[in-house]
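Novice: can you look at this prediction? I've put the sequence above it.
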Protein chains: 4
Amino acid sequence: MADKICGVFAPVPTPFSGDGSIDENGWRKNLRMWSASPLDGIVIAGSNGELPFLNLEERVRLTKIAREEAEGRLFIMSGAHFAATEDAKRAAVELSKAGADGLLLLPPHYYKGKEEMLLRYFTDVADISPVPVFLYNMPANTGVDLSAELICEAAKHPNIKGIKDTSGNMTKLGYTALGTPDDFSVFGGTGNWFLAALSMGACGGTMAVSILFPRSCRMLYEAFLEGRLGEAVELQKRLLPVSDAITRRFSIPGLKYAMGAMGMTGGPCRRPLLPLPEKDARTLMSVIEASGLDEYEKWRGR
Amino acid sequence: MADKICGVFAPVPTPFSGDGSIDENGWRKNLRMWSASPLDGIVIAGSNGELPFLNLEERVRLTKIAREEAEGRLFIMSGAHFAATEDAKRAAVELSKAGADGLLLLPPHYYKGKEEMLLRYFTDVADISPVPVFLYNMPANTGVDLSAELICEAAKHPNIKGIKDTSGNMTKLGYTALGTPDDFSVFGGTGNWFLAALSMGACGGTMAVSILFPRSCRMLYEAFLEGRLGEAVELQKRLLPVSDAITRRFSIPGLKYAMGAMGMTGGPCRRPLLPLPEKDARTLMSVIEASGLDEYEKWRGR
Amino acid sequence: MADKICGVFAPVPTPFSGDGSIDENGWRKNLRMWSASPLDGIVIAGSNGELPFLNLEERVRLTKIAREEAEGRLFIMSGAHFAATEDAKRAAVELSKAGADGLLLLPPHYYKGKEEMLLRYFTDVADISPVPVFLYNMPANTGVDLSAELICEAAKHPNIKGIKDTSGNMTKLGYTALGTPDDFSVFGGTGNWFLAALSMGACGGTMAVSILFPRSCRMLYEAFLEGRLGEAVELQKRLLPVSDAITRRFSIPGLKYAMGAMGMTGGPCRRPLLPLPEKDARTLMSVIEASGLDEYEKWRGR
Amino acid sequence: MADKICGVFAPVPTPFSGDGSIDENGWRKNLRMWSASPLDGIVIAGSNGELPFLNLEERVRLTKIAREEAEGRLFIMSGAHFAATEDAKRAAVELSKAGADGLLLLPPHYYKGKEEMLLRYFTDVADISPVPVFLYNMPANTGVDLSAELICEAAKHPNIKGIKDTSGNMTKLGYTALGTPDDFSVFGGTGNWFLAALSMGACGGTMAVSILFPRSCRMLYEAFLEGRLGEAVELQKRLLPVSDAITRRFSIPGLKYAMGAMGMTGGPCRRPLLPLPEKDARTLMSVIEASGLDEYEKWRGR
């Protein structure tokens, strides 16, 4: 199982210029920072990446640039979901060509169909994809919550190699870890409960907070692996309020705001997402400061 | 209020060929049937039209053809929703140019934001749209349920002229009818409870069952307007099981199957939607036969 | 079907004294008013009656007094639900002895079991009950939503004679009316959408607003039966905001407040229910005044 | 903080005889087993104890007997919830007199009121209770999900000393642990994710699986405290399927069946709960055997 994908992944935002186009310079700058950080990989065109607003050409461009800037230092996972199966299949091929090491794949969700429909969509894409496919369970956004049974069934496909599960359902996470092959990667989908996910059998996490505090996340991960539980619990306590603030509470506008405040390129979201109100920005920054996580992130100064 | 939009609207499917491309001949054939029917209008690129699978070019083409075939006989409403505001604005302009008389507009729904975000999206599109905008509340598919307060607020915009509400929430429907201007059209969004919607103040319905049984729906509508309540109740009883079968129970594959069986062009759905299992097809057809609605649809033979 | 139970039923509150005991004088006074009103019946120990706070002895006493005051003028339905089947069976026997003409029966709901459990509970009680049992679907309070299939199955029992459905699901209401025997009573469970329920096949309603405005509710009912649709629609429009204010918005404390303001005995609720804040009381009374329903209620002055 | 309540608590069922009365001999037998086990405490008249079916007299009797059999060896927590505040207050007093060391208290839940109502109910009972009160968050059964904000607010009361949270919401659990005093006990409410709860800051668990496998649960707890993470993760993996089988999957009938099979007194549930179907019993027992947890439970043979 030498090639099982594990560790800390950052689901990164897409930086836009004031006119709504992709800010390529900002993207390159961020990629260089992440490449220098302890991150294991990044997720492009996930929820933080504003995937519903990105067409295939834009996702391909983001992926190509990531390959140029980060090759060999970061595992690059690109979001291949489109509503129609044929569009997702085309994305799988194009994103792989552009340099993606793996693909993240939401289930179909506008039409709430049977599990058979979801499974078929996943395997249709996995059949054609040159690189491994990672399922993406995101019920808060999609209204579809993949069952442990479905995930374990999908995991039998030789090219479906993992899942990012944001449901927060620890029972599901535990059954998923128990019922999938040893080289299938179960990722917790938020830093709010990274340690809890690891304790239920996850082998890593993809989480927004690792964009801001990659070393803190890696430290928690390593403390868990090495049995330094007190340290892991303490880090989790500090990560929770920050993680929650840039996801559930203030969402992508909050995350981008914090990135800007911490030396990365954040910038505006595409509409309909609205800018972070100033009052929320102040709350957010005070949560970040109170966490004291900055002390672990000396790599930034390097 | 001479120009208030009322009556029976059919949210029509998009016919596809075996290779997944739009079946233009089938589309023209269907349009000619609907033009000859008692329908007041059609909705293109709504949920039945597989809107998440249609790009703007395809929606424009469908609208143009509808204009050619049905001009003057059907009000043409085209689905302008795209996830990004800029894409929806572009769609509003292009679909109007192509001949749409009005636009149907889902709220943003992948990111579950505040009502402010929804309202801003609606007004951003309505500001630029050359033709009136009709909101589309479809919580079963989107996970977003527009409140009566939001709808009434949006209705203050001079270019937002109605709503299709499928929520089935009669309290909301009643408050919406009470709290919007007299020329704002409140449509019930399914034939399952068309008469209930009318009784709460709706001025019409957009409903899949009117594709198959347009005259039955118009008869119910007229019976309501003219106070022939016994007839209206009887028609509603007959419509319910058919309407429910081609929506909640068997969805678009069921609707398309029934269309094929009744002389229209149904055809396959785009993946990930799967064909109707044969067993379901038999159930569906027996529900349709049992309804006895065919006796009201003599126009077909004309 | 001479004995099918139809019409307008008031789910009445239980008046309490300041010390939390039942206010018998207030109860008698209210019963005399309802007996003089156009109401067809009352529901004792339903949700408005604070059923979870009433033991069997109290329900029996309320029922006995109702029998004394209202015999022959009101159909008396008493709430027989207790969590344990044996307790509900005992209640069925005792309440019948005390004078109940029928029983209202919630499903078991703390433990969310299979439909088999719900059905068995209903039939266990119906088997032993000397008077007919009416099911009570109240998902907002119980978290259990009876399916149309279950209701139709239960309706096969010779002693299960109706349902009060507050779900607001018109599809369910329609299927229930279609799938139950002719002498099975389907009641809409709120005045918010009484006319909609009638249009889907209901034969009456049990609704809080009929406590305050019994004649308005009867007028709507009769207008529906006699095909005066304009009048029915107009009455529904006026009833909606009042009905909604004393149920969803301000709940039992609001209902009791309004009763007090309109010459009936309202009084405090048992804790944990809290008194209506003064600000809400003002809003509530302005909604009632704005409705103009008072003009239909001249019987009060008699 | 010498007296903070921590560790492994068993939410135990109430054994009934065939006629539905409490099986006192069975109850004593079980109590003697639990007293000899590594359990830290038991919860009487919780969800597993069929609390909605137990009147106060029965709860008092169960508590008195527990005191006789287990005094000094088990912390005795008794369920004091009744729907009406006055009834819950009386229960608090009587159960304390009967020997309860603490009380478990569900929120009011039939009427879905504001948080103010919930808070007031909790503090009204805590004000009068001679022993500490532990909140009980059980949204799957009650439909009410206590927010972290509410829990932290309630924790300011000097006599509210902990919470059993079954929501499975790790974000809430983490915020609760962060926002309550050091001597406030946060218990995870199921063995499905005991280790995850500990990792988020819980100081113990109350969980059905500890009735069957108390030592396995204590071993996990101690492995966590002592940083033997590999062992803790392994135990969690084994506990999950058993815990899930006797709660979510097969519920109290399953739990009681397994108790009977393992030398304790299980017996029937009160109606409306139905006996475990034989097929489910076989599945359940095979899950238990497959877990291999028996090897850790040698104390039973002592």
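Specialist: Good, I have the coordinates. Residues are numbered from 1 along each chain as shown, chains lettered A, B, ... in the order given.

Novice: for chain B, what are the nearby residues on the stretch 1-150 of chain A?
Specialist: Contact residues, the stretch 1-150 of chain A versus chain B (CB under 8 Å from any CB of the partner chain): A:20, A:47, A:51-53, A:83-87, A:108, A:110-113, A:116-118, A:120-121, A:124, A:140-143. Where you see a C-beta, it was placed from the backbone N, CA and C, and this is true even at glycine.

Novice: tell me the contacts of the closest residue to chain B within the stretch 201-302 of chain A?
Specialist: Using CB to the nearest CB, the single residue of the stretch 201-302 of chain A nearest to chain B is residue A:271, 3.6 Å away. Neighbouring residues of residue A:271 by CB atoms under 8 Å, 6 or more residues apart in numbering or on different chains: A:20, B:84-86, B:120-121, B:124.

Novice: inside helices: which ones of the residues of the stretch 1-150 of chain A next to chain B?
Specialist: Per DSSP state H, helices hold the following members of the residues of the stretch 1-150 of chain A next to chain B: A:85-87, A:116-118, A:120-121, A:124, A:140-142.

Novice: helices of the stretch 151-300 of chain A, start to end?
Specialist: Assigned helices in the stretch 151-300 of chain A, in chain order: A:170-179, A:194-199, A:209-212, A:214-225, A:229-244, A:251-261, A:278-291 (criterion: DSSP state H, counting those that start in this stretch).

Novice: any chance of those in CSV, plus distance to residue C:290, mean neighbour count and mean pLDDT?
Specialist: Output for the helices of the stretch 151-300 of chain A, formatted as CSV (distance: least, CB to CB, whole Å; neighbours: other CB atoms under 10 Å in any protein chain shown; pLDDT from 0 to 100):
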stretch, distance to residue C:290, mean neighbour count, mean pLDDT
helix A:170-179, 50, 24, 98
helix A:194-199, 52, 29, 98
helix A:209-212, 51, 29, 98
helix A:214-225, 57, 22, 98
helix A:229-244, 43, 21, 97
helix A:251-261, 39, 22, 98
helix A:278-291, 36, 15, 98
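
Novice: closest one to residue D:79 among those helices?
Specialist: With CB to CB as the measure, helix A:170-179 is the member of the helices of the stretch 151-300 of chain A nearest residue D:79 (24.1 Å).

Novice: quick one: distance of that closest one to the chain centre.
Specialist: 19 Å (CA atoms, centre = their mean, to the nearest Å).

Novice: contact partners of that helix?
Specialist: With CB under 8 Å, 6+ apart as the test, helix A:170-179 has contacts from A:147-148, A:151-152, A:155, A:163, A:165, A:167, A:186, A:188, A:196-197, A:200-202, D:168, D:170, D:192-193, D:196, D:236-237, D:240-241, D:244, D:248.

Novice: what does stretch A:259-268 give?
Specialist: Where contact means CB under 8 Å, 6+ apart, the residues beyond stretch A:259-268 that reach it are A:13, A:15-18, A:23, A:25-27, A:29-30, A:33, A:211-212, A:255-258, A:275, A:285, A:288, A:300.

Novice: got the buried residues for it?
Specialist: A:259, A:262, A:264-268 (16 or more other CB atoms under 10 Å in any protein chain shown).

Novice: so after the helix or strand residue A:65 falls within, what's the next helix or strand?
Specialist: Per DSSP states H and E: residue A:65 is located in helix A:56-70. Using DSSP H and E, the helix or strand that follows helix A:56-70 in sequence is strand A:75-79.

Novice: what's stretch A:109-123 in contact with?
Specialist: By CB under 8 Å, 6+ apart, stretch A:109-123 touches A:83, A:85, A:88, A:105, A:107-108, A:133, A:135, A:142-144, A:146-147, A:149-150, A:153-154, A:157, A:160, B:47, B:52, B:140-142, B:251-252, B:271-274.

Novice: can you rerun that using 6 Å?
Specialist: Contact with stretch A:109-123 is made by A:85, A:107-108, A:142-144, A:150, A:154, A:157, B:52, B:141, B:272, B:274, as judged by CB atoms under 6 Å, 6 or more residues apart in numbering or on different chains.

Novice: CA atoms only: put stretch A:170-188 into PDB for me.
Specialist: Extracted C-alpha coordinates of stretch A:170-188, given in PDB (Å, rounded to 0.1, in the frame of the first residue of the first chain):
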ATOM      1  CA  MET A 170     -18.900   9.500  12.600                       C
ATOM      2  CA  THR A 171     -20.900   6.200  12.300                       C
ATOM      3  CA  LYS A 172     -20.700   6.500   8.600                       C
ATOM      4  CA  LEU A 173     -17.100   7.400   8.700                       C
ATOM      5  CA  GLY A 174     -16.300   4.400  10.900                       C
ATOM      6  CA  TYR A 175     -18.300   2.000   8.700                       C
ATOM      7  CA  THR A 176     -16.600   3.400   5.600                       C
ATOM      8  CA  ALA A 177     -13.100   2.900   7.000                       C
ATOM      9  CA  LEU A 178     -14.100  -0.600   8.000                       C
ATOM     10  CA  GLY A 179     -15.700  -1.600   4.800                       C
ATOM     11  CA  THR A 180     -13.300  -0.300   2.100                       C
ATOM     12  CA  PRO A 181     -10.000  -1.700   0.900                       C
ATOM     13  CA  ASP A 182      -6.800  -0.900   2.700                       C
ATOM     14  CA  ASP A 183      -5.600   1.400   0.000                       C
ATOM     15  CA  PHE A 184      -8.900   3.400  -0.100                       C
ATOM     16  CA  SER A 185      -8.400   6.800   1.400                       C
ATOM     17  CA  VAL A 186     -11.000   8.100   3.800                       C
ATOM     18  CA  PHE A 187     -10.600  11.800   4.400                       C
ATOM     19  CA  GLY A 188     -12.400  13.900   7.000                       C
END
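
Novice: burial of residue A:169, as a residue count?
Specialist: By other CB atoms under 10 Å in any protein chain shown, 22 other residues sit near residue A:169.

Novice: distance of it relative to chain D?
Specialist: Applying CB to the nearest CB, to the nearest Å, the value for residue A:169 to chain D is 6 Å.

Novice: what backbone torsions are found at that residue?
Specialist: Per-residue torsions, residue A:169: phi -90, psi 100 (degrees, to the nearest 10).

Novice: could you do residue A:145 as well?
Specialist: phi -120, psi 110.

Novice: nearest spatial neighbour of it, skipping sequence neighbours?
Specialist: Using CB to CB, 6 or more residues apart in numbering or on different chains and skipping the chain neighbours, the partner closest in space to residue A:145 is residue A:139 (3.9 Å).

Novice: can you check residue A:201 too?
Specialist: Nearest to residue A:201 is residue A:177, by CB to CB, 6+ apart, at 2.7 Å.

Novice: with residue A:146 instead?
Specialist: residue A:137 (4.5 Å).

Novice: isn't the one you found right up against residue A:144?
Specialist: No - under the criterion of CB atoms under 6 Å, residue A:137 is not in contact with residue A:144, lying 8.1 Å apart.

Novice: looking at these two, which one has more neighbours?
Specialist: The residue with more neighbours, out of residue A:137 and residue A:144, is residue A:137; 23 against 19, by other CB under 10 Å.

Novice: distance of that one relative to chain B?
Specialist: From residue A:137 to chain B the distance is 15 Å (CB to the nearest CB).
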